[in-house]
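Colleague: Dropping a prediction and its sequence here:
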Amino acid sequence: MPQHDAAGPLTSLRNVKAIVWDIDDTLFDYATADTAGMRAHLTAEGLLDAFGTAERALTRWRALTREHWARFEAGETDWEGQRRDRVRAFVGRLLDDTAADAWFTRYLGHYEAAWALFPDTVPVLDALARTHRHAVLSNSSLHNQDRKLRVLGVRDRFEALLCAAELGVAKPDAAAFHAVCDALGLAPHEVAYVGDQPDTDARGAVEAGLTGIWLDRAGVGGRPELVRVTGLDQLPALLARDTRFGAPETFG
């Protein structure tokens with residue numbers, strides 16, 4: 001089993017043998033699918049007018065998602081429980097488990113109809129297939145993310161898929177990053193983690209001893225201590241560079 005040393009400065013991107021990926025808003029366009037799916041669902045349920053606008057409804061849904069996801073990550077509820085509680089808070093009714101599950105299942109049908117990878121996902125996976133191993137670490141459930149990757153046609157690109165629901169620990173906890181390193185049989189310094197969240201993904205990976213790469217698709221910037229790209233198409237060039245004599249480079 002690999003030993004997990006404390007995080008240190010980035011020495012060489014050429015040491016990276018495997019890339020571990022976040023899924024939602026990194027490989028998969030979650031935000032777009034979530035917006036389109038919820039709008040269609042609210043229309044079908046006759047709930048759109050209750051919120052005034054679709055934008056207000058989506059703002060409320062996303063706030064509840066963050067709130068109850070945090071409870072799940074803290075171990076205060078299980079996977080099914082956080083989904084049911086989101087539904088109950090959103091509709092403002094004390095639904096039983098069966099009714100809450102049915103509501104969420106109907107929502108999922110609309111959400112899944114809008115699923116799509118980002119345009120740069122497959123080209124970059126193709127470009128890096130010969131040089132790096134690939135795996136996934138997600139703060140979700142194995143059932144959910146395995147199915148998603150299969151529906152999107154890319155599950156066979158990843159030799160390992162680990163999720164918080166089954167691990168019992170979530171990013172940015174170092175144990176989550178170390179678990180995927182163990183699954184690959186690699187030391188943390190041989191693994192890069194790519195994700196859209198600067199703290200949960202990139203900083204968390206760095207503190208666990210991996211190379212953390214922040215995918216800043218919106219070009220927000222402002223985190224010079226992080227290795228940053230603004231599109232996945234920048235990764236092949238970044239991973240081919242040697243930064244052992246300087247600070248981490250920022251692309252984009």
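Modeller: Thanks, I have the structure now.

Colleague: Looking only at the worst-scoring helix or strand of the chain on mean pLDDT, what residues are buried by neighbour count?
Modeller: Using mean pLDDT, DSSP states H and E, helix 54-73 stands out as the lowest-scoring helix or strand of the chain, at a mean of 89. For helix 54-73, burial by neighbour count (16 or more other Cβ atoms under 10 Å) applies to 57, 58, 61, 64, 68, 69, 72, 73. C-betas here are computed from N, CA, C, even on glycine.

Colleague: quick one: contacts for the second one?
Modeller: Pointing back at residue 58 there. 34, 35, 38, 39 (Cβ atoms under 8 Å, 6 or more residues apart in numbering).

Colleague: which residues touch the third one?
Modeller: Shown in contact with residue 38 (Cβ under 8 Å, 6+ apart): 54, 57, 58, 61, 107, 110, 111.

Colleague: Likewise for the second one?
Modeller: Contact criterion Cβ under 8 Å, 6+ apart gives residue 58 as the residues in contact with residue 35.

Colleague: one step back: and the contacts of residue 38 as CSV, adding distance to residue 28?
Modeller: Output for the contacts of residue 38, formatted as CSV (distance: Cβ to Cβ, whole Å):
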residue, distance to residue 28
54, 21
57, 22
58, 18
61, 18
107, 17
110, 16
111, 12
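
Colleague: Spit out the contact partners of the closest residue to residue 69 other than its chain neighbours.
Modeller: Excluding its sequence neighbours, the residue lying closest to residue 69 (Cβ to Cβ, 6 or more residues apart in numbering) is residue 82, at 6.3 Å. Shown in contact with residue 82 (Cβ under 8 Å, 6+ apart): 68, 69, 71, 72.

Colleague: same question, residue 155
Modeller: Contacts here follow Cβ under 8 Å, 6+ apart; on that basis residue 155 touches 146, 149, 161.

Colleague: Surely residue 237 is in a helix?
Modeller: Yes - with DSSP: H, G, I helix; E, B strand; the rest coil as the criterion, residue 237 is part of a helix.

Colleague: Please report how far it lies from residue 186.
Modeller: From residue 237 across to residue 186, the span is 22 Å (Cβ to Cβ, to the nearest Å).

Colleague: Do you have the strands of the stretch 151-252 of the chain handy? List them.
Modeller: Secondary structure of the stretch 151-252 of the chain, counting by DSSP state E, counting those that start in this stretch: strands at 160-163, 191-195, 211-215, 227-229.

Colleague: I'd like those laid out as a markdown table, including distance to residue 20.
Modeller: Formatted as a markdown table, the strands of the stretch 151-252 of the chain follow (distance: least, Cβ to Cβ, whole Å):
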| stretch | distance to residue 20 |
| --- | --- |
| strand 160-163 | 8 |
| strand 191-195 | 5 |
| strand 211-215 | 10 |
| strand 227-229 | 14 |
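
Colleague: Pipe these into CSV and attach mean neighbour count, distance to residue 121 and mean pLDDT per row.
Modeller: Listed next are the strands of the stretch 151-252 of the chain as CSV, based on neighbours: other Cβ atoms under 10 Å; distance: least, Cβ to Cβ, whole Å; pLDDT from 0 to 100:
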stretch, mean neighbour count, distance to residue 121, mean pLDDT
strand 160-163, 20, 16, 98
strand 191-195, 26, 11, 98
strand 211-215, 27, 11, 96
strand 227-229, 23, 13, 94
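
Colleague: For residue 46, which of those is the nearest?
Modeller: Nearest to residue 46, of all the strands of the stretch 151-252 of the chain, is strand 160-163, at 33.9 Å by Cβ to Cβ.
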